[in-house]
Structures are given as structure tokens and as C-alpha cells.
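In: Give me a 3D structure for the following:
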Amino acid sequence: MGVHDGHREKMRQRFQQGNLDAFADHEALELLLYYAIPRQDTNPIAHELMERYGSLSAVLSAPVEDLERVRGVGERAAVLLHLVPQLCKKARLADVSQDLVLNSSESAGAYLLERFSDEKNEVIYQLCLDRKGKLLSCKRLGEGGVSSANLNIRKLVENALLTGASAVILSHNHPSGVALPSPEDYSTTARVKAALTTIGIQLADHIIVADGDFVSMADSGYLT
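Out: Got it, this is the predicted structure:
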């Protein structure tokens, strides 16, 4: 067993006997990197990551291609670092979605703020609800650049029918940081509402998310 192997084993035992609360941020990174970089001292790599990005959360939210520029971080380590927060978010949203009722703009907005929290580009989501507002499914409908996303209305209608939805909430984000609806948002809302009306399903809301805030078009009176 080499010097690095002995240190790694001590770190693993320290974690197994307690938790990450006793670890400094760079030590937590060092431990995580063991599982992507098997034959190298990951302590200096962890220090360099913290120095480059400034915080643990910034390291874990950095793009893969940028992480790979850090000395000692290869593709496997970069992918692992980028994967961790997304996996945690996916698990958190799965737990939240169990028996989740979205019967107000406040409850739907809170759920969508979490859903959009890591998005850098404009993305469209469709929430399918039953008659009581219970969330049946959340579908990602499209992704565009920082100012646009393509919406497939046929797919939206198909999702609503397949889930047996009584209502749909449409949502997208504005990466620009302004949640106010654009003329295109009003036009898209009208098209979606018309398409769902033909199959007897209500468009309950169109919620726009930006910079930790959201605007409900239903609350604004546009859908009445």
C-alpha cells in the first residue's frame, strides 16, 4: 500500500465513522475525486478547484469542459463533479413529486423554481395535473439558446392525453433574468390553450421563471 492509498483509506474511514460535516470543503472534494482518479493525490487538485471557482457549489455547477481545464481533472472526474448536484436534484424532485398537489400559482411556482434552478438555456416544461391538481407528470418539451426554445404543441397534447390529465401548466424560463411575458409568450399561450381546448383539457397556467422569481399568466388574468 502506497502513501496515497493509506491516506485515502483514513479519509474513507473518517467519512464512514461520521459524515461530511467534519470535512472542510476541499477535503470533501478530495474524497469524491478518489472515485474518478484512482492513482493520484487528489488533495492538490481539490485545492486548485476551490481556488479557481471560489466555493464548493461553484465547483459542482461548473461546466464539464471548464472543469477539464483544471490540472489533473480528466473527463471522468469532470463528469463526476458535474453529475453529483444533478443527481441530488433529481432525487429531491422525485421525493417532492410524490402526491404533490399544485392547485395554486404559489405551489406551482415554488416547484418550478426548483425545477429550473440549474438551467442556463431556455427550457420548456409541461406539468400534467388531475382534477384535484395532483401532479401526474412533468415533461421537458424543448430547449433552445439563451433567448428561445422550440415548443412542439402536438407532443404537448399527446402527453396530456397519455397521462389522462384534466389540466396542464405550461412553463418556461427567461435566462435573461426578466420574468415578464414577451409577445411570443402571449402568442404561444394562445396556441396551446386552443389546442388543449379541442380535447377538453384546461390550460391552468403559463408560468415564466427568471432569476429566482416567477410570473403567473393566470394570476395576471390572461387565461380567463
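In: who are the neighbours in contact with residue 186?
Out: Going by Cβ atoms under 8 Å, 6 or more residues apart in numbering, residue 186 touches residue 222. From N, CA and C alone the C-beta is placed, and that goes for glycine too.
In: I'd guess it is in a strand, am I close?
Out: No. Secondary structure of residue 186 (DSSP: H, G, I helix; E, B strand; the rest coil): helix, not part of a strand.
In: pLDDT at the closest residue to residue 129 other than its chain neighbours, what is it?
Out: Nearest non-adjacent residue to residue 129, counting by Cβ to Cβ, 6 or more residues apart in numbering: residue 167, 4.6 Å away. With respect to pLDDT, residue 167 has a value of 97.
In: and what of the one 10 residues further on?
Out: Residue 177 is assigned 82 on the pLDDT scale.
In: Could you double-check that it sits in contact with residue 210?
Out: Yes. Contact criterion Cβ atoms under 8 Å: residue 177 and residue 210 qualify, at 5.3 Å.
In: between the two, who's got more neighbours?
Out: Each of residue 177 and residue 210 has its neighbours counted (other Cβ atoms under 10 Å); residue 210 has more, 18 against 10.
In: The helix or strand bottoming out on mean pLDDT in the chain: which residues count as buried?
Out: Least confident helix or strand of the chain, by mean pLDDT, DSSP states H and E, is helix 3-17 with a mean of 78. Within helix 3-17, the residues scored as buried using 16 or more other Cβ atoms under 10 Å are 8, 11.
In: same for that helix, what does it pack against?
Out: Under the contact definition 3 or more Cβ pairs under 8 Å, 6 or more residues apart in numbering; DSSP states H and E, helix 3-17 sits against helix 25-33.
In: relative to helix 3-17, how tilted is the helix it packs on?
Out: Interaxial angle of helix 25-33 relative to helix 3-17 (axes from the mean of the first three to the mean of the last three Cα atoms, to 10 degrees): 100 degrees.
In: could you dump helix 25-33 to PDB, C-alpha only?
Out: Listed next in PDB are the C-alpha coordinates belonging to helix 25-33 (Å, rounded to 0.1, in the frame of the first residue of the first chain):
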ATOM      1  CA  ASP A  25     -14.900  21.800   1.500                       C
ATOM      2  CA  HIS A  26     -11.600  20.800  -0.200                       C
ATOM      3  CA  GLU A  27     -11.400  17.600   1.800                       C
ATOM      4  CA  ALA A  28     -15.000  16.600   0.600                       C
ATOM      5  CA  LEU A  29     -13.800  17.300  -3.000                       C
ATOM      6  CA  GLU A  30     -10.700  15.300  -2.400                       C
ATOM      7  CA  LEU A  31     -12.700  12.300  -1.200                       C
ATOM      8  CA  LEU A  32     -15.100  12.500  -4.100                       C
ATOM      9  CA  LEU A  33     -12.300  12.600  -6.600                       C
END
